[in-house]
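Colleague: fold the following, please.
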Amino acid sequence: MRIVRLVFSALAFAAACGPPPEDDRVFALNQVEPPRLLNDTVLARVMEGLYPRDMMAAGVEGEVEVSFVIGPNGVPRDAAVLRSTRPEFEAPSLEAVKLMRFKPAIRYRRPVAVRVDQPIHWTLVVE
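Modeller: Predicted coordinates for the structure are as follows:
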């Protein structure tokens with residue numbers, strides 16, 4: 001009798017958590033608890049070094065929209081440029097994505113992969 005109860009309890013817990021996600025499935029943002037960028041302060045400093053020197057010298061700013069997958073481990077992969085205001089900012093934007101680290105997206109209490117489209121703004125700060 002006790003074994004039946006333990007099995008039932010495990011089944012009830014599994015039903016409450018939902019089905020296990022497929023390991024290789026990539027979810028949309030509206031299907032998950034969204035990921036959160038963890039290293040934004042460090043990333044902002046690193047991006048200063050990635051700013052194209054010729055664009056900085058000319059006072060040119062830009063924006064690049066990048067699509068990428070955030071894995072269950074919080075590491076981005078499969079990054080691609082969707083559009084940009086200047087092609088000179090595309091490679092540095094892809095480098096910036098590689099440096100990002102996230103608290104992963106969550107679905108049924110488990111970390112999962114999610115595809116995001118993220119604008120990256122390249123702006124000059126006058127000090």
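
Colleague: for the residue nearest in space to the middle of the chain, grab phi and psi.
Modeller: Nearest residue to the geometric centre of the chain (Cα atoms, centre = their mean): Ile70, 4.1 Å. Backbone geometry at Ile70, expressed as degrees, to the nearest 10, gives phi -100, psi 120.

Colleague: what's near enough to touch it?
Modeller: Ile70 sits next to 35, 76, 102, 104-105, 113-114, 116 when contact means Cβ atoms under 8 Å, 6 or more residues apart in numbering. The way it works is simple: take the backbone N, C-alpha and C, and place the C-beta from them, glycine included.

Colleague: Gly62 and Pro111: what is the separation?
Modeller: 33 Å (Cβ to Cβ, to the nearest Å).

Colleague: equivalent analysis for Ala57, please.
Modeller: Ala57 is 42 Å from Pro111, where distance means Cβ to Cβ.

Colleague: just the helices in this structure please.
Modeller: Ranges of helices in the chain, per DSSP state H, are 2-17, 40-50, 53-58, 90-99.

Colleague: other residues contacting the third one?
Modeller: With contacts defined as Cβ under 8 Å, 6+ apart, helix 53-58 is touched by 61-62, 86, 88-89, 122, 124.

Colleague: for Val42, state which of those is nearest.
Modeller: Nearest to Val42 among these: Trp122, at 17.3 Å, using Cβ to Cβ.

Colleague: how many neighbours does Met56 have?
Modeller: Neighbour count of Met56, defined by other Cβ atoms under 10 Å: 13.

Colleague: just Ala57 next, same as before
Modeller: By other Cβ under 10 Å, 8 other residues sit near Ala57.

Colleague: roughly how far does it sit from Tyr51?
Modeller: 10 Å.

Colleague: overlap in contacts, those two.
Modeller: By Cβ under 8 Å, 6+ apart, Ala57 and Tyr51 have no common neighbours.

Colleague: nearest to Leu94 among the contacts of Ile70?
Modeller: Nearest to Leu94, judged by Cβ to Cβ, of these is Pro76 at 9.8 Å.
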